[in-house]
Every structure is written in C-alpha cells, then in structure tokens.
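*Asks:* A predicted structure for the sequence below; I have some questions about it.
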Amino acid sequence: MELSLIGAPTDIGAGVAGCRLGPGALRVAGIGRGLRGLGCDVVDTGDIDGPPNPMTPPVDGYRHLPEVIAWNVALRDAVAAELASGRLPVVLGGDHSLAIGSISAVAAHCRAVGKKLLIIWVDAHADINTSAMTPTGNIHGMPVACLLGHGPDELTGLSDQRPAITHDQIHQVGLRSVDAGEKRFLAELGISVYDMRYLDEAGMRRAMRRVLASVDADTHLHLSLDLDFVDPAVAPGVGTPVVGGPTYREAQLCMEMIADTGRLGSLDLVEVNPALDVRNTTAELAVDLVESLFGKSTLLRVTDLANPPLG
Ligand SMILES: NC(=[NH2+])NCCC[C@H](N)C(=O)O
Ligand SMILES: [Mn+2]
Ligand SMILES: [Mn+2]
C-alpha cells in the first residue's frame, strides 16, 4: 500500500483553537512509523499552507468563510495530486471543515476512474448544518451539507460537479449530538445514520455489516474519522467532546471491519486538539485506530469480502 500523509494544520472551522497542532501531534505519536511497520510505503508530503485563524465572530452565519475556502482549495489540490499519482491520501487535520476539500477531490477522482464512492462518516456529530440553522457558525459543523450541495458556492463547488456527492453515498456512525435543524435535515434527505441508540441495541458489528454491505471490488471507501467519535474518557483531546461514545474496543472493531474489505481508498483524521489533550493520548489513539485500519490485528486472519468473519 502506498500512502501519502498530508498535514493541514488549521482550526479555521472550529470554535476552539488547538487542532492546528493536530498534524504535529499525530507525527509525534508515530503515524508514519506505525504505518511503515505494517509494510506500507509512506511518504510524508509535509503541511499544506493557508491563512491564519483570525478568531473573529461569524458573519452571515459563517465564521471565517474566506479562510475556510482557502484551506479547502489547498487541501483539495493536495489530495487530488496524491490520488492522481496512485497514492492513498491520509489527511492529518485540522478540523472537520477540511473534509469538504478532501472529499471533493476524492469524489472527482472516483468519477474520473469509474469507481463507486462510499463515505463512512464516523463522528459524534452529523456536521450537516447550514448557515440558516447553525447554532455556532462554525464550518466544521457544516461539511456534510456542503458536500451535498447545501452551502456557499465556493465550498459546494470544489469538486468536478455540484453536489460533490449524493445522500446515498454516505453512512454516519456514532452520532449522539445532533442539532434540531440537523435532525430534520437528515430525515428529509434520507441519510443513513447509525447513532448511539442503534449501536447500543444492535452493536458495532451489525451496524458496520450494514454500512459495508454494498462494498464490492469497484468501491472506493473514504473514511472521515472525527476523533470525537470515541468516548471522551478515551479521547479527551477534542474541541467538542460528547459523553456516551463508543469504547476503545468498539472503535477498533469499526476500523478492523473497514480494513477487512480491502477497499479503503482515502482517509481524514480530524479534530485532534493537542491543546486540550492529556499527554498526547488522543493522537496516540488515532495512530492505534489507523494501524487497525491498515491491517494490524492480533492474529493472522484470512478475510475477504465474500468470506467475512462470523459470516
Ligand atoms: N466536526 C465537529 N466537531 N463538529 C461539531 C459541530 C457542533 C455543532 N453541531 C455545530 O454545528 O457547531
Ligand atoms: Mn464531531
Ligand atoms: Mn465532525
């Protein structure tokens, strides 16, 4: 597997500063070393560049819109370049607004090469706010809406077509903090959601079996991993923690089941906030999860799409 790490050191879309330090923390936690240890060919392309965070209040429902656009254009181009050279991009965020640029590039690439794109959005939040319904103006709460075509033109138009993706190309897993407007919008759009109630009742395994049911040899899986997905007792270094998340083991199972498909094509690692963390715990957790995602397992397991564990 040939991977490219792309650092995006910004918290431009978040309400709390700190995840601009995420790429450095993930490197210190050994993301490159961990992946090389699994036999991956890893190139660290360094950090992309963008405007500083002015920490100003929202204007017309968006905080830092021009700066969010600039970061996402730069990231879109960096992700597109790695995909074009046949490498799997691993975005080291940065806040979750970066998924707009990252997934816009991935969606265009999949159309160009004739692959089916499926996005697994693993998060405590739905991130599907619009300027009309956002309680904060923070654009890290809006990337899913933008990718589906609901948002400012500069953010909905970053792919080869608008919208970048359709509602049937995304599954959301782990949700437990969804704003009132977002609840209505998710239902109206018919988005596939495996919230904590579902995970409590059916378990991570059954949820992921459903998420991955349509995956075949032509599928490109994109994982957008917001570290606030995991319970804050395990992942304290995030800007918008929500109690009652998946355990370490449940998060690992989610990653292992994605790994088993062999179809992971791109990855966002976002919302690690070292300024709020405890001894880099959350970045180290992220590296652990990523290792599982790229095939680390306790035993030698032989798995394939037609023959998944436990049938
Ligand atoms: N990527 C995130 N951590 N998003 C948190 C969003 C929180 C809240 N729903 C908002 O729109 O402000
Ligand atoms: Mn979140
Ligand atoms: Mn998020």
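*Replies:* Looks like it arrived, so ask away. Ligands and ions are numbered 1, 2, ... in the order given.
*Asks:* is it fair to say Cys146 lies in a helix?
*Replies:* Yes - the assignment for Cys146 is a helix, going by DSSP: H, G, I helix; E, B strand; the rest coil.
*Asks:* identify the residues contacting it.
*Replies:* Neighbour list for Cys146: Ile100, Pro152, Leu155, Thr156 [criterion: CB atoms under 8 Å, 6 or more residues apart in numbering]. The way it works is simple: take the backbone N, C-alpha and C, and place the C-beta from them, glycine included.
*Asks:* which ones among the residues you listed come in contact with ligand 3?
*Replies:* Among those, no residue lies close to ligand 3 (CB under 5 Å from the ion).
*Asks:* now those residues: which count as buried?
*Replies:* Neighbour-count burial (16 or more other CB atoms under 10 Å) is assigned, among the contacts of Cys146, to Ile100, Pro152, Leu155, Thr156.
*Asks:* for the stretch 51-200 of the chain, which residues are neighbours of ligand 3?
*Replies:* Going by CB under 5 Å from the ion, the residues of the stretch 51-200 of the chain near ligand 3 are His96, Asp123, His125, Asp127.
*Asks:* distance-wise, check the residue lying closest to the third one once chain neighbours are set aside relative to ligand 2.
*Replies:* It stands for His125. What sits nearest to His125 in space, not counting adjacent residues and going by CB to CB, 6 or more residues apart in numbering, is Ser177, at 5.4 Å. Counting by CB to the ion, to the nearest Å, the gap from Ser177 to ligand 2 is 8 Å.
*Asks:* and of the contacts of Cys146, the nearest to Glu67?
*Replies:* Nearest to Glu67 among the contacts of Cys146, counting by CB to CB, is Leu155 at 11.9 Å.
*Asks:* phi, psi of the closest one?
*Replies:* phi -100, psi -30 (degrees, to the nearest 10).
*Asks:* which residues touch it?
*Replies:* Leu155 neighbours (CB under 8 Å, 6+ apart): Val68, Ile69, Asn72, Ile100, Ile139, Met142, Cys146.
*Asks:* most neighbours among the residues of the stretch 51-200 of the chain next to ligand 3, please name it.
*Replies:* For these, the largest number of neighbours (other CB atoms under 10 Å) sits with His96, at 32 neighbours.
*Asks:* that residue reaches Glu271, doesn't it?
*Replies:* Yes - counting by CB atoms under 8 Å, His96 does reach Glu271; the two are 5.6 Å apart.
*Asks:* where do the contact lists of these two overlap?
*Replies:* What both His96 and Glu271 touch, as defined by CB under 8 Å, 6+ apart, is the set Ala14, His140, Asp226.
*Asks:* could you look up the SS state of the first one?
*Replies:* Remark: Ala14 carries the secondary structure label coil [criterion: three-state DSSP].
*Asks:* same question, Gly46
*Replies:* Applying three-state DSSP to Gly46 yields a three-state assignment of strand.
*Asks:* for the residue of the stretch 1-150 of the chain found nearest ligand 2, give me phi and psi.
*Replies:* The stretch 1-150 of the chain approaches ligand 2 most closely through His125 (3.7 Å), counting by CB to the ion. Main-chain torsions, His125, degrees, to the nearest 10: phi -120, psi 160.
*Asks:* alright, calling it a day.
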